[in-house]
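Participant: Need a 3D model of the following:
(one chain, ligands or ions: 1)
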Amino acid sequence: MKKVLTYGTFDLLHIGHINILQRAKDLGDHLTVGLSTDEFNAGKNKKAYHSYENRKFILESIRFVDQVIPETTWDQKIKDVVDNNIDVFVMGDDWEGKFDFLKEYCEVIYLPRTIGISTTKIKDDLNSKVKNG
Ligand code: C2G
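Facilitator: Modelled structure (predicted):
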């Protein structure tokens with residue numbers, strides 16, 4: 001069984017998230033998602049709208065996702081790859097090169113981001129609608 005691993009916050013789930021989850025799953029037979037905890041997000045200066053528990057259940061409801069594990073630190077990836085027998089690590093190309101150290105342990109693939117959508121854009125668009133009516 002070819003196992004794939006990716007990480008993220010996956011807040012306010014949108015097509016960009018679904019696209020990368022689908023493409024990640026298509027690279028193997030099993031997809032594990034390292035989901036950023038609320039505490040870890042604070043370290044990324046991110047405050048997710050949905051709690052970790054809700055983001056986890058939402059991800060587990062997606063047919064491309066087989067397992068969700070917590071992401072609590074930047075330096076858990078090697079252990080996650082080894083402990084979960086991961087063959088392929090996948091991230092969006094906004095992270096291009098940042099995780100090449102994993103190449104010793106598994107294949108590392110950066111996939112093109114989906115243009116025109118992000119959680120930040122959703123929040124900004126909603127805020128401007130509220131302001132401009
Ligand atoms: N993504 C994408 N296209 C978008 C938006 C996001 O392909 N339009 C991808 C990102 O590249 C990432 C994944 O969706 O691979 C999750 O994005 P975020 O939830 O924003 O995750 P991020 O804050 O990048 O956290 O240790 C890695 C970090 O946890 C990644």
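Participant: how about the nearest residue to Lys44, chain neighbours excluded?
Facilitator: Ser36 (6.9 Å; Cβ to Cβ, 6 or more residues apart in numbering). All C-beta spots, glycine's among them, are computed from the backbone N, C-alpha and C.
Participant: show me the contacts for the one you found.
Facilitator: Tyr7, Gly8, Thr9, Lys44, Lys46, Ala48, Tyr52, Glu71 (Cβ atoms under 8 Å, 6 or more residues apart in numbering).
Participant: Any idea which helix or strand in this protein has the lowest mean pLDDT?
Facilitator: helix 119-132 (a mean of 94; mean pLDDT, DSSP states H and E).
Participant: what residues does it touch?
Facilitator: Thr9, Asp11, Leu12, His14, Tyr49.
Participant: For Gly28, state which of those is nearest.
Facilitator: Closest approach to Gly28 among those (Cβ to Cβ): Thr9, at 22.3 Å.
Participant: partner residues bridging the residue of the chain at minimum distance from the ligand?
Facilitator: With Cβ to the nearest ligand atom, the shortest gap between the chain and the ligand falls at Gly92, namely 1.7 Å. Residues in a beta bridge with Gly92, per DSSP bridges, are Leu111.
Participant: Please list all residues in contact with it.
Facilitator: Gly16, Ile20, Tyr110, Leu111, Pro112, Arg113.
Participant: from memory the first one sits against Arg113, does it?
Facilitator: To tie it back to what came earlier, the one meant is Gly16. Yes - at 6.4 Å, Gly16 and Arg113 qualify as touching, with contact defined as Cβ atoms under 8 Å.
Participant: Any idea how many residues pack against the nearest residue to Ile117 once chain neighbours are set aside?
Facilitator: Leaving out its chain neighbours, the residue that sits closest to Ile117 by Cβ to Cβ, 6+ apart is Gly16, at 4.6 Å. Using other Cβ atoms under 10 Å, Gly16 has 18 neighbouring residues.
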